[in-house]
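Trainee: build me a model from this:
(2 chains)
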2 protein chains.
Amino acid sequence: MKYEFTPIGIIHSCFKEKFGIPRQPGLIPEALATLEIVPPFNRPEAFKALEGYSHIWINFVFHAALREQWKPMVRPPRLGGNQRVGVFASRSPFRPNPIGLSVVRLNEVKYNDKGVELRLSGIDLLDGTPVLDIKPYLPYADAIPDAHSGYAPGPPGQSITLTYSSQAEAWLGNVAAKQADHIRRLLRQVFENDPRPAYLKAGSAERKFGMSLYDFNVSWTVENNQVNITEIKHLSAPED
Amino acid sequence: MKYEFTPIGIIHSCFKEKFGIPRQPGLIPEALATLEIVPPFNRPEAFKALEGYSHIWINFVFHAALREQWKPMVRPPRLGGNQRVGVFASRSPFRPNPIGLSVVRLNEVKYNDKGVELRLSGIDLLDGTPVLDIKPYLPYADAIPDAHSGYAPGPPGQSITLTYSSQAEAWLGNVAAKQADHIRRLLRQVFENDPRPAYLKAGSAERKFGMSLYDFNVSWTVENNQVNITEIKHLSAPED
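Mentor: The predicted model follows:
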């Protein structure tokens, strides 16, 4: 028996590549996305009363992790990337049915000529993610604060020092003030969640990292908990 | 674009029909199920470290609610069954992609000759439900106790008085003592969540209701918050 599902929408996310995406939703409150509902699901009445909820569940397809074969064990970054657990004891995107589950903040239900858009934050979703379903978050059923959670008892965040090169400061100064503040907050939260793969954490002081967010690329170096943004560039205009 | 998924397992539940199933998981702690993992997913190593988690998410197919057409609005029982909201503002099983989401207690991961079985409680799942995926519950990401939740701010439970007919008492006396205690607790929790459809709540004092649980059928009457179990019978032996 197989079941076939058609996406009801698609995610337009600040995260344009896997690098920088937090391990779970809610860890980067500043991470924004729009969920564009596609025809024939973009009927305003299908969303009536959704605005009364602060959070929603998103069931989505790990579209960048689709592969033919599943593996029974994975190496979670949480365990340093060298210890194996069962794929069903993890939230790895590489699983028999690559269905993802995230609870995100619902900031706005927006109706326009094209139909319906949901404005979301606290996301951990890659740009282009196909969405299969959304459901309202019900704290009386879904919130179990004292659940015991094996090898991941708490959030992986850490405190960091963040500095910007003069080029990066100048680039931010050229962006509209409101957007620049958002970008600074987003970058701080991304680095507090240490986006580096576990195998690159040791001895990475000499390494220059890069990641895409929205329509720009950020380059940085990191030593201990000291992150320096060396350069920010628009993706569409490499010379700017 | 469509996505096709194959169930990893099937639910064997105390709930043999829709009647009696609570509206959300966790409302009936005594509700038990076994999730039988089916080949080729029943490999012990795929579950390694899962026993460290007290709760898991289950993504499943609402197999008894499959229909060709979706409707943009539904009438939630929570609103008395006569007020409409958008299907995406509800957790109705009748939705464009009939995927369900429940957090349940994981009591045991059991390995045997056939493979893997998960013993669950606090379920809201119909017997025979196909399961697409399970994931560990992470309280630091999933628990948002102060989320605002529109028209469903708290659990729908109520206090009731429960009495048993002499036939029902005798039937329970014939069942093994441990099982009888479980059945009494289960029935109390089912009735505290009022299994009646909203449209039957008014003027149902004259009506005799019936529901199947495990391999037996329960008949009862209800007036205000007074429930009387009139009869319990095995399904397989209608004359007993």
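
Trainee: the top helix by length along chain A: how far from the chain's middle?
Mentor: As far as residue count goes, and with DSSP state H defining each element, the longest helix of chain A is helix A:177-192. Here helix A:177-192 is found 14 Å from its chain centre; the criterion is CA atoms, centre = their mean, to the nearest Å.

Trainee: alpha carbons of it, in CSV - could you do that?
Mentor: Listed next in CSV are the C-alpha coordinates belonging to helix A:177-192 (Å, rounded to 0.1, in the frame of the first residue of the first chain):
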residue,chain,number,x,y,z
ALA,A,177,18.0,50.5,8.2
LYS,A,178,15.1,48.2,9.2
GLN,A,179,16.4,45.3,7.1
ALA,A,180,20.0,45.8,8.5
ASP,A,181,18.8,45.4,12.1
HIS,A,182,16.9,42.2,11.1
ILE,A,183,20.0,40.8,9.4
ARG,A,184,22.2,41.5,12.4
ARG,A,185,19.7,39.8,14.7
LEU,A,186,19.4,36.8,12.3
LEU,A,187,23.2,36.4,12.0
ARG,A,188,23.6,36.6,15.7
GLN,A,189,21.0,33.8,16.2
VAL,A,190,22.5,31.7,13.4
PHE,A,191,26.0,31.8,14.9
GLU,A,192,24.6,31.2,18.4
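
Trainee: elements contacting whichever helix or strand comes after it?
Mentor: Past helix A:177-192, further along toward the C-terminus, the next helix or strand under DSSP states H and E is strand A:209-213. Identification of packing neighbours for strand A:209-213 by 3 or more CB pairs under 8 Å, 6 or more residues apart in numbering or on different chains; DSSP states H and E yields helix A:177-192, strand A:216-223. Every residue, glycine included, has its C-beta placed from N, CA and C.

Trainee: one more time with 7 Å
Mentor: Packed against strand A:209-213, as judged by 3 or more CB pairs under 7 Å, 6 or more residues apart in numbering or on different chains; DSSP states H and E, are the following elements: strand A:216-223.

Trainee: give me the contacts around the strand it packs on.
Mentor: Residues outside strand A:216-223 that contact it (CB atoms under 7 Å, 6 or more residues apart in numbering or on different chains) are A:187, A:204-205, A:208-211, A:227-235.

Trainee: one step back: for the longest helix of chain A, which outside residues touch it?
Mentor: A:14, A:20, A:28-31, A:157-160, A:162, A:172, A:175, A:213, A:218, A:227, A:229.

Trainee: that one to strand A:209-213, inter-axis angle?
Mentor: Relative orientation of helix A:177-192 with respect to strand A:209-213: 130 degrees, computed using axes from the mean of the first three to the mean of the last three CA atoms, to 10 degrees.

Trainee: and helix A:177-192, what's buried?
Mentor: A:His182, A:Ile183, A:Leu186, A:Leu187, A:Gln189, A:Val190, A:Phe191, A:Glu192 (16 or more other CB atoms under 10 Å in any protein chain shown).

Trainee: repeat for stretch A:217-227
Mentor: Along stretch A:217-227, the positions that meet the burial threshold by neighbour count (16+ other CB under 10 Å) are A:Asn217, A:Val218, A:Ser219, A:Trp220, A:Thr221, A:Val222, A:Val227.

Trainee: would TSV of these with pLDDT be doable?
Mentor: Conversion of these to TSV gives the following (pLDDT from 0 to 100):
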residue	pLDDT
A:Asn217	95
A:Val218	96
A:Ser219	96
A:Trp220	95
A:Thr221	94
A:Val222	92
A:Val227	95
